[in-house]
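1. Predicted structure and sequence below. I'll ask about it afterward.
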Amino acid sequence: MSILEMSHVSKAFGGSKALSDIHFTVEEGEIHALLGENGAGKSTLMNILTGVIPADEGSITFLGKTYPNPSIAQMEAAGIAFVHQELNVINDLTVADNIFLCRELTNKLGLLRKKEQIQRARELFENLGVDIDPTVLVSELKTSEKQLLEICRALYADAKLLILDEPTTALSNNEIDHLFGILRKLKEQGKSFIFISHKMPEIFAIADRYTVLRNGEFVSTGKIADTNAHAVTSDMVGASYVDADVYESRELGDTVLELKNFSGTGFENVNLSARRGEILAFTGLAGCGASELMQTLFGVLPPLSGELSVNGKALHGSSVKFMKNGVGMLPANRKENSVVPDMSILENYYLAEHEISRNKPFINRGQELRRYESHKEMLHIKADDCENSIGSLSGGNQQKVFIARWLNIGADVLLFDNPTQGVDVGAKAEIYRLILEFAKEGKTILINTLEIPEIQKVADRCLVFYEGRIVKEFKHSEVNEHDVMLYSTNAI
């Protein structure tokens, strides 16, 4: 039985059609994958469903009631909850306080029934098999625990339909398995889910049905059991999709980056070298120390001991010093660590260049615009007006702007920490192509990723981390999911 029916839904922004005559249904007790590239219309459709924006045409029926022009409050009250990719938890409150936020239990005098809130939160967690202390501050939780907290908060509000937007982006394989176990348990209890993800293995592991959107139009729908990953991906990106490895070997130059007994927060005694034109991959379970190493290589975190040299020069100090010596970084979590939301696309682009040129009192706007247009063409950035907010771009195009940010300062050592996080398959392929092009031009690239297929597409070598140490090195031809996971989990 359908609990949600969206019929003939259309939406335009400034004359540009975002959605055109979309049909979308969700059954009771099912996990429905909503698929499409960034810009396909998924977010617009979900924002219409949750009352964030109105549709221009079409109707929404949820649990038998029609909502012609719903508000956020109406849809929340009806039982729809949106668990966003960028988690909306309050770090300075306890876990229990987050669950009962705006729904606090009070006595006749209006005083908080704190003990009862803690007990109810504990019961909620126990029923789901979630091991979280309701009394701790949310800031002390891991990302995976914050994700579960959001889901539990929605369940306490008696949500019947939960929208999960890229829920596994920052989770390890074990954490993903735990999350999927909870989703299956909730599905058995009659809860329904809209599952938004770009990861095909996850979609085929957890979803019952799927719907594909492309360029704001309905493309296909059906049962997951009746299709395959290649067919679904082809529906998502159209004829441009090519299911092939993109890796190409190349001649490498002299050593550019070298670490000797290098230790810092989360890692210790790392010894490695990377050559000009080389692509070196880091991988391991979430929290293995690879991301912290990358942050230390850019001066974000201080080293504790050991030596770091770039082009034969010992480096230490702030990120600005690393930038001045040709090191650039795409950090994980684009929204928190790369995007400056109050700045335009152009301002986000030239931010690094002006950070290392503070002695110049004025910005040469014409020069910056010419540089931007050159990099826009080079990287195939899809942006109408560089004066628009950086938030107007898709995730993949934002990443390209941040890559251009480092090209603008002439960086020849590029640190990419989960560079395709939260971008669609088409944008991923484009980023892989750029990484290989940069390597051909002689740039040295270090990429940290949890996705083994990503390593197989671009990396010359792969270093596997476990609890802050390099435990195995694989050549490109040796990389496979089974062996990498054995070393990542210390199962050898």
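-> It's in.
2. Where does the prediction get shaky in the stretch 201-350 of the chain?
-> Scanning the stretch 201-350 of the chain for pLDDT under 70 picks out the ranges 239-245, 335, 337.
3. What ranges does it have for its strands?
-> 209-214, 217-223, 255-264, 267-275, 279-283, 303-310, 313-314, 327-330 (DSSP state E, counting those that start in this stretch).
4. All the strands of the stretch 51-200 of the chain, in order from the start?
-> 57-62, 65-66, 80-83, 161-165, 192-196.
5. Now render the ones you listed as CSV, adding mean pLDDT.
-> Output for those, formatted as CSV (pLDDT from 0 to 100):
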stretch, mean pLDDT
strand 57-62, 95
strand 65-66, 95
strand 80-83, 89
strand 161-165, 92
strand 192-196, 95
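6. now for stretch 206-219, what's the gap between its first and last residues?
-> End-to-end span of stretch 206-219 (CA to CA, to the nearest Å): 21 Å.
7. contacts for that stretch?
-> Defining contact as CB atoms under 8 Å, 6 or more residues apart in numbering, one finds that stretch 206-219 is touched by 17-24, 27, 30-37, 39-42, 44-45, 180, 183-184, 195, 203, 220-224, 227, 232, 235-238. No exception for glycine: its C-beta is placed from N, CA and C like everyone else's.
8. What of stretch 8-20?
-> 21-24, 41, 44-45, 48, 53, 55-60, 216-217.
9. Kindly format the C-alpha coordinates of it as PDB.
-> C-alpha atoms of stretch 8-20 as PDB (Å, rounded to 0.1, in the frame of the first residue of the first chain):
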ATOM      1  CA  HIS A   8       2.600  15.700 -11.800                       C
ATOM      2  CA  VAL A   9       5.000  17.700  -9.600                       C
ATOM      3  CA  SER A  10       6.800  20.600 -11.500                       C
ATOM      4  CA  LYS A  11       9.000  23.400 -10.300                       C
ATOM      5  CA  ALA A  12      10.900  26.200 -12.000                       C
ATOM      6  CA  PHE A  13      13.300  28.800 -10.600                       C
ATOM      7  CA  GLY A  14      13.700  32.000 -12.600                       C
ATOM      8  CA  GLY A  15      12.500  30.400 -15.800                       C
ATOM      9  CA  SER A  16      14.800  27.300 -15.400                       C
ATOM     10  CA  LYS A  17      12.800  24.100 -15.000                       C
ATOM     11  CA  ALA A  18      14.000  22.200 -11.900                       C
ATOM     12  CA  LEU A  19      11.300  19.500 -12.000                       C
ATOM     13  CA  SER A  20       9.000  18.500 -14.800                       C
END
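10. how many neighbours does Ser234 have?
-> 18 (other CB atoms under 10 Å).
11. gap between it and Gly426?
-> 11 Å (CB to CB, to the nearest Å).
12. Which positions within stretch 59-69 qualify as buried?
-> Ile60, Phe62 (16 or more other CB atoms under 10 Å).
13. tell me the domain ranges of the chain?
-> Per the record, the chain has its domains at 2-240, 255-488, by automatic domain parsing.
14. okay if I get these as a markdown table plus distance to Ser249?
-> Converted to a markdown table, the domains of the chain look like this (distance: least, CB to CB, whole Å):
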| stretch | distance to Ser249 |
| --- | --- |
| domain 2-240 | 25 |
| domain 255-488 | 7 |
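15. Just the element for Val484, please.
-> Secondary-structure assignment from DSSP states H and E places Val484 in helix 481-488.
16. repeat for Lys17
-> Here Lys17 sits within strand 16-27, counting by DSSP H and E.
17. Cys288 and Cys152: what is the separation?
-> Taking CB to CB, one finds Cys288 at 27 Å from Cys152.
18. Which one's more surrounded, the two?
-> Cys288 (25 against 22).
19. Enumerate every residue touching that one.
-> Phe465, Tyr466, Glu467, Gly468, Ser488.
20. what is the mean pLDDT for stretch 484-492?
-> Per-region confidence: stretch 484-492 scores 80 on mean pLDDT.
21. Could I get the buried residue list for it?
-> Neighbour counts over stretch 484-492 (16+ other CB under 10 Å) mark Val484, Met485, Tyr487, Ser488 as buried.
22. likewise stretch 91-106?
-> In stretch 91-106, counting by 16+ other CB under 10 Å, buried: Thr94, Val95, Ala96, Asp97, Asn98, Ile99, Phe100.
23. per-residue pLDDT, the third one?
-> The reference is to Ala96. 90.
24. Surely it touches Ala121?
-> Yes. If you go by CB atoms under 8 Å, Ala96 and Ala121 touch, sitting 4.3 Å apart.
25. tell me, what's touching these two both at once?
-> With CB under 8 Å, 6+ apart, Ala96 and Ala121 have common neighbours Pro134.
26. Now do the contacts for Val136.
-> Thr94, Val95.
27. give me phi/psi at it?
-> phi -80, psi 160 (degrees, to the nearest 10).
28. before we move on, what about Pro134?
-> The phi/psi pair for Pro134 (degrees, to the nearest 10) is phi -60, psi -20.
29. now Ala12
-> According to degrees, to the nearest 10, Ala12 has phi -130, psi 150.
30. Distance-wise, check it relative to Glu57.
-> From Ala12 to Glu57 the distance is 10 Å (CB to CB).
31. Can you check what angle separates the helix holding Val484 from strand 279-283?
-> Interaxial angle of helix 481-488 relative to strand 279-283 (axes from the mean of the first three to the mean of the last three CA atoms, to 10 degrees): 60 degrees.
32. Who are the packing partners of helix 481-488?
-> helix 452-458, strand 461-466, strand 469-475 (3 or more CB pairs under 8 Å, 6 or more residues apart in numbering; DSSP states H and E).
33. how about 6 Å then?
-> strand 461-466 (3 or more CB pairs under 6 Å, 6 or more residues apart in numbering; DSSP states H and E).
34. since we're on Ile72, how many residues are nearby?
-> Around Ile72 there are 13 residues (other CB under 10 Å).
35. Am I right that it is in contact with Gly51?
-> Yes. Using CB atoms under 6 Å, Ile72 is in contact with Gly51, at 4.2 Å.
36. quick one: common contacting residues for the two?
-> By CB atoms under 6 Å, 6 or more residues apart in numbering, Ile72 and Gly51 have no common neighbours.
37. In space, what's closest to Ser488 - neighbours in sequence excluded?
-> Gly284 (4.8 Å; CB to CB, 6 or more residues apart in numbering).
38. check contacts around that neighbour.
-> Gly284 is in contact with Ala290, Val464, Phe465, Tyr466, Ser488, counting by CB under 6 Å, 6+ apart.
39. Tell me where the stretch 301-450 of the chain has helices.
-> Under the criterion DSSP state H, counting those that start in this stretch, helices of the stretch 301-450 of the chain are mapped to 319-324, 334-337, 345-355, 365-379, 395-407, 425-440.
40. These into a markdown table, with extra columns for distance to Lys115 and mean neighbour count?
-> Conversion of those to a markdown table gives the following (distance: least, CB to CB, whole Å; neighbours: other CB atoms under 10 Å):
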| stretch | distance to Lys115 | mean neighbour count |
| --- | --- | --- |
| helix 319-324 | 46 | 17 |
| helix 334-337 | 34 | 14 |
| helix 345-355 | 47 | 20 |
| helix 365-379 | 56 | 14 |
| helix 395-407 | 43 | 23 |
| helix 425-440 | 48 | 20 |
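41. Going by mean pLDDT, which of the ones you listed comes out lowest?
-> Across those, the lowest-scoring stretch is helix 334-337, with a mean of 70.
42. what about Glu126, how many neighbours?
-> Glu126 has 10 nearby residues by other CB under 10 Å.
43. If you could redo that for Gly410, that was the one I meant.
-> 9.
44. Neighbours of the closest residue to it other than its chain neighbours, how many?
-> Distances taken as CB to CB, 6+ apart place Gly326 nearest to Gly410, at 6.5 Å, with adjacent residues excluded. Neighbours of Gly326 under the rule other CB under 10 Å: 19.
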